[in-house]
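1. After the sequence you'll find the predicted model.
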Amino acid sequence: MKKILITGGAGFIGSHVVRRFVNKYPDYQIFNLDALTYAGNLENIKDIEDKSNYTFIKGDIVEENFINGLFSTHNFDGVLHLAAESHVDRSIEDPLAFVKTNVIGTMNLLNAAKNQWKGNYEGKRFYHISTDEVYGSLGADGLFTETTAYDPNSPYSASKASSDHFVRAYGETYGLPYVLTNCSNNYGSYHFPEKLIPLFINNIINNKPLPVYGDGNYTRDWLFVEDHAIAIDLVFHEGKNHETYNIGGFNEWKNIDLVKLLCNLMDQKLCRNAGTSLGLITYVKDRPGHDLRYAIDASKINKELGWKPSVTFEEGLAKTIDWYLDNAEWLQNVTSGAYKDYYQKQYS
Ligand code: NAD
Ligand code: TYD
């Protein structure tokens, strides 16, 4: 039996990865380590919490002694590291929190893995999940490749870039068997409604303003989260050690075009008159240091591992909207704060 540690498994992407691994690999023992910050929500994975190959551990990756103890107790074979502070706007308000979790927390995991595995790396793997934002901003043309120079602009992307460098350094210096992926903006179910798509879906449902930063002419490359989880599974099992893979949706949208599409689709789903939600669009002050454009060249993972997105954006977005409309209670619990009680109810 393989013992796999997944960090951040109560968050958005992590919950999809945990669900996939628990269901698909009954021979693995999956340990989900999560501090349950504001972004951690055990309701995201309540469908698998009773599975015999699943254990939830509440804990903070910033606490070095705790992390060392966890590794010596369980001697994990593999680590998939997703825990992070993940929101750019929050990083502008409180950069230090991002250094603590994203840099120090990653260091604690790397150190614990190195010290536990002691150079005996057979069957071991450390997988660091990162972002395309480490590459900085593109102009009108071009794509990020795995060899694009790092050029982070926000405190969030700087902290992720730093953690990526430490992962590589542990590979070079100690031979730690790592794989690293940098992916584009994810969307899908269980997404905390502070990020663009779930925030705007929630606001449209509730007839609240849709705050578009600046002129809205910023571009992101949107990736369906379930396709990302498939890619993570593939890279964890078949990626080459010490390699980086970019993961993207081949799906660039200017924010304002995406928001208009969302408004129109939501009007149809909510049986509102065409154009109703467009009236909620409100241009607001721009984000400082706002990166103009992200777009990923995902040809390496496609050629080497055979991955490509399985759904079109139209399909993914329709599934996403349906999920939020069908899961009004989840959204209500997140926006009211009631989701925070779930841990006490289930685990105390
Ligand atoms: P998220 O904010 O939804 O979830 C993060 C999870 O980590 C939460 O469950 C939180 O409780 C946990 N966490 C935070 N600090 C912790 C700590 N100190 N100790 C233990 N757990 C802690 O994030 P996400 O969107 O699911 O992102 C997951 C990973 O993917 C992150 O590393 C992020 O940088 C990366 N990523 C995300 C996107 C995206 O579009 N969401 C894109 C590229 C890369
Ligand atoms: P976001 O979902 O925060 O992801 P990231 O900043 O990591 O790309 O934002 C996506 C884009 O949407 C980004 O260009 C900022 C913009 N945005 C808004 O215009 N209004 C909002 O309220 C939010 C949250 C984001």
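-> Noted; the coordinates are in hand. Numbering: from 1, shown residues only. Ligands and ions are numbered 1, 2, ... in the order given.

2. contacts, neighbours, all on C-alpha from now
-> OK.

3. Name the nearest residue to the closest residue to ligand 2 within the stretch 1-150 of the chain, ignoring sequence neighbours.
-> Using CA to the nearest ligand atom, the single residue of the stretch 1-150 of the chain nearest to ligand 2 is residue 88, 5.3 Å away. Using CA to CA, 6 or more residues apart in numbering and skipping residues adjacent in sequence, the residue nearest residue 88 is residue 156, 5.5 Å away.

4. Now do the helices in the stretch 151-300 of the chain.
-> Under the criterion DSSP state H, counting those that start in this stretch, helices of the stretch 151-300 of the chain are mapped to 155-174, 196-205, 225-238, 255-269, 299-305.

5. Enumerate the residues of the stretch 51-200 of the chain near ligand 2.
-> 87-88, 194-196 (CA under 6 Å from any ligand atom).

6. anything in stretch 40-49 near ligand 1?
-> Yes - with CA under 6 Å from any ligand atom as the criterion, ligand 1 is reached by stretch 40-49 at residue 40.

7. Contacts for that stretch next, please.
-> For stretch 40-49, the surrounding residues in contact (CA atoms under 8 Å, 6 or more residues apart in numbering) are 8-12, 15, 18-19, 22-23, 34, 54-56, 190, 330, 339-340, 342-343.

8. hmm, try it at 7 Å
-> Outside of stretch 40-49, the residues within contact range by CA atoms under 7 Å, 6 or more residues apart in numbering are 10-11, 15, 19, 190, 339, 342-343.

9. Among these, find the one with the greatest number of neighbours, please.
-> residue 10 (31 neighbours; other CA atoms under 10 Å).

10. Just to check, that residue is in contact with residue 34?
-> Yes - between residue 10 and residue 34 a contact is recorded at 6.3 Å, counting by CA atoms under 7 Å.

11. so what's the residue nearest to residue 39 when sequence neighbours are not counted scoring on pLDDT?
-> Excluding the flanking residues, the one nearest residue 39 by CA to CA, 6+ apart is residue 11, at 5.8 Å. As predicted, residue 11 sits at a pLDDT of 98.

12. Helix or strand for the residue sitting nearest the centre point of the chain, just tell me which one.
-> Closest to where the C-alpha atoms of the chain average out (CA atoms, centre = their mean) is residue 13, at 4.2 Å. In this structure, residue 13 sits in helix 12-24 according to DSSP states H and E.

13. Compute the inter-axis angle for that helix and helix 225-238.
-> 60 degrees (axes from the mean of the first three to the mean of the last three CA atoms, to 10 degrees).

14. circling back: among the residues of the stretch 51-200 of the chain next to ligand 2, find me the one that's closest to residue 126.
-> Each of these was scored against residue 126 by CA to CA, and residue 87 proved nearest at 23.6 Å.

15. The closest one: how many residues sit nearby?
-> Neighbour count of residue 87, defined by other CA under 10 Å: 15.

16. Next, residue 80: secondary structure please.
-> Counting by DSSP: H, G, I helix; E, B strand; the rest coil, the backbone at residue 80 sits in strand.

17. Check the offset of the strand or helix carrying residue 344 from the chain's centre.
-> Assigned by DSSP H and E, residue 344 belongs to helix 342-347. The chain centre lies 24 Å from the centre of helix 342-347; the measure is CA atoms, centre = their mean, to the nearest Å.

18. I'd like the helices of the stretch 151-300 of the chain as JSON lines, with distance to residue 286 appended.
-> Putting these into JSON lines (distance: least, CA to CA, whole Å) gives the following:
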{"stretch": "helix 155-174", "distance to residue 286": "16"}
{"stretch": "helix 196-205", "distance to residue 286": "14"}
{"stretch": "helix 225-238", "distance to residue 286": "27"}
{"stretch": "helix 255-269", "distance to residue 286": "13"}
{"stretch": "helix 299-305", "distance to residue 286": "33"}
